[in-house]
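Q: using only what follows, build the 3D model:
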Amino acid sequence: MNNSCAVFWKNELVGYVSDLSNDMWYYDGRWACADSAFARDFETIIRRLDPKHVREFPDHGLSIRLTSDQPFSLSHMLVLGLQEDDLLLRMLSPETAAYVDLDQFSPWQKADKAELFEAALKREVGFFHPLRFKSVRAIGMRKDRHEVLFELQDGSQRYAVAQLTYNKERSGKLRPPQFYNDWKAFYDQELAHLVDSFDIQALTGSIVEEVEKHGAKYQMHSFDSGAVMIDVWWKDQLYVVQMHEQQLGLSRVTDEIDFSTVPDESFTHAGLLLENVKRIFQL
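A: Numbers count the residues shown, from 1 in each chain. Take a look at the predicted model:
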């Protein structure tokens with residue numbers, strides 16, 4: 001592999017990596033972001049990844065492709081994280097790399113049992129449904145709706161979001177599926193708004209409001225870097241909320257588990273962190 005490569009995410013150029021070095025399947029190199037909103041979103045996401053967590057749960061990373069001007073240089077990689085300007089990678093097989101990255105965009109998530117959604121679509125759609133005679137692959141679903149993301153298997157690189165009702169279509173009144181010409185179009189319309197920039201002050205206020213609502217004891221720490229940490233005690237348990245511009249996290253500290261700057265769980269947007277803080281008080 002050439003020592004300098006272009007980085008593509010979902011067939012879009014997002015940056016460059018140089019001075020690549022490797023240890024078996026693991027690579028690292030100097031990262032440079034491309035000049036586009038899509039590329040900056042990509043960088044925001046990978047800066048929030050925890051390499052230790054992604055090594056343990058690889059499907060929580062992002063899959064990319066590296067290309068250079070050398071023949072046969074195409075390589076699939078899993079992004080473990082971005083530390084300072086050091087891009088951390090692990091080699092992937094093409095089949096594994098095809099597993100989409102939707103878990104980074106709650107409420108979307110991967111369709112782990114794709115065949116079930118594909119079978120439901122076949123049972124449900126009637127003769128006039130736009131997907132009736134198309135070969136599709138289910139790759140994602142929304143947790144808050146009965147919507148499934150399908151990739152059309154006709155070489156067009158198109159995607160479709162269809163709502164499954166789990167009933168055979170008879171009335172012709174089902175909402176038609178939404179088609180997207182490529183992944184970039186789907187990302188721009190459905191995912192880009194989920195990559196929010198963290199308003200730490202507003203998020204801190206929301207978390208404190210939730211904690212005080214339940215009468216829990218808490219202590220807040222602010223740092224010169226702009227990071228904020230909130231210790232929350234609830235039912236003899238200590239939880240630590242960590243917030244800064246590149247990462248949101250939540251950890252539980254016990255006598256057996258010491259506090260670590262690497263959170264137990266990392267989140268890509270503020271709403272998901274707040275949702276998990278609320279779950280503390282349901283335990």
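Q: for L283, what are its contacts?
A: By Cβ atoms under 8 Å, 6 or more residues apart in numbering, the contact list for L283 reads 234-235, 237. From N, CA and C alone the C-beta is placed, and that goes for glycine too.
Q: of these, select the buried ones using a PyMOL command.
A: Of the contacts of L283, the buried ones can be selected in PyMOL as follows, counting by 16 or more other Cβ atoms under 10 Å:
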select buried, resi 234
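Q: take the contacts of L283 and keep only those in helices.
A: Using DSSP state H, no member of those sits in helices.
Q: quick one: D188 from D182, how far?
A: Note on D188: its distance to D182, by Cβ to Cβ, to the nearest Å, is 10 Å.
Q: same thing with T204?
A: Here T204 is placed at a distance of 38 Å from D182 (Cβ to Cβ).
Q: mind checking the pLDDT average for the one helix or strand L248 maps to?
A: Using DSSP states H and E, the element containing L248 is strand 247-253. In this model, strand 247-253 carries a mean pLDDT of 85.
Q: swap in stretch 93-113?
A: Stretch 93-113 shows a mean pLDDT of 74 in the predicted model.
Q: swap in stretch 10-25?
A: Computed over stretch 10-25, the mean pLDDT rounds to 88.
Q: so who does the nearest residue to E43 once chain neighbours are set aside touch?
A: Using Cβ to Cβ, 6 or more residues apart in numbering and skipping the chain neighbours, the partner closest in space to E43 is C33 (4.8 Å). Going by Cβ under 8 Å, 6+ apart, C33 touches 14-15, 39-40, 42-43.
Q: quick check: C33 vs K10, distance?
A: C33 sits 16 Å away from K10, taking Cβ to Cβ as the criterion.
Q: in the stretch 1-150 of the chain, which spans are helices?
A: Here the stretch 1-150 of the chain has its helices, by DSSP state H, counting those that start in this stretch, at 37-47, 51-56, 94-97, 114-124.
Q: would you turn the ones you listed into a markdown table with mean neighbour count and distance to F133?
A: Putting these into a markdown table (neighbours: other Cβ atoms under 10 Å; distance: least, Cβ to Cβ, whole Å) gives the following:
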| stretch | mean neighbour count | distance to F133 |
| --- | --- | --- |
| helix 37-47 | 18 | 33 |
| helix 51-56 | 16 | 39 |
| helix 94-97 | 12 | 27 |
| helix 114-124 | 15 | 11 |
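Q: follow-up on the earlier one: out of the contacts of L283, which comes closest to I280?
A: W234 (5.6 Å; Cβ to Cβ).
Q: for that closest one, give me the pLDDT.
A: Listed pLDDT for W234 reads 93.
Q: mind checking how far the nearest residue to it once chain neighbours are set aside is from L273?
A: Distances taken as Cβ to Cβ, 6+ apart put A216 closest to W234, at 4.8 Å, once the chain neighbours are dropped. Applying Cβ to Cβ, one obtains 16 Å for the distance of A216 from L273.
Q: so the two - more neighbours on which side?
A: Of the pair A216 and L273, L273 is the one with more neighbours under other Cβ atoms under 10 Å, namely 24 against 15.
Q: the strand or helix carrying the more buried one packs against which elements?
A: Using DSSP H and E, L273 maps to helix 270-280. Under the contact criterion of 3 or more Cβ pairs under 8 Å, 6 or more residues apart in numbering; DSSP states H and E, the helices and strands touching helix 270-280 comprise helix 200-213, strand 228-234, strand 237-244, strand 247-253, strand 265-267.
Q: how far out from the middle of the chain is the first one?
A: Put plainly, it is helix 200-213. 24 Å (Cα atoms, centre = their mean, to the nearest Å).
Q: repeat that for the third one.
A: Using Cα atoms, centre = their mean, the distance from the centre of strand 237-244 to the centre of the chain it belongs to is 21 Å.
Q: can you point out the buried residues in that strand?
A: Under the neighbour-count criterion of 16+ other Cβ under 10 Å, strand 237-244 has 239-244 buried.
Q: distance to S135 for those residues - can I get that in TSV?
A: Supplementary listing: the buried residues of strand 237-244 in TSV, determined by distance: Cβ to Cβ, whole Å:
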residue	distance to S135
Y239	47
V240	48
V241	46
Q242	45
M243	45
H244	45
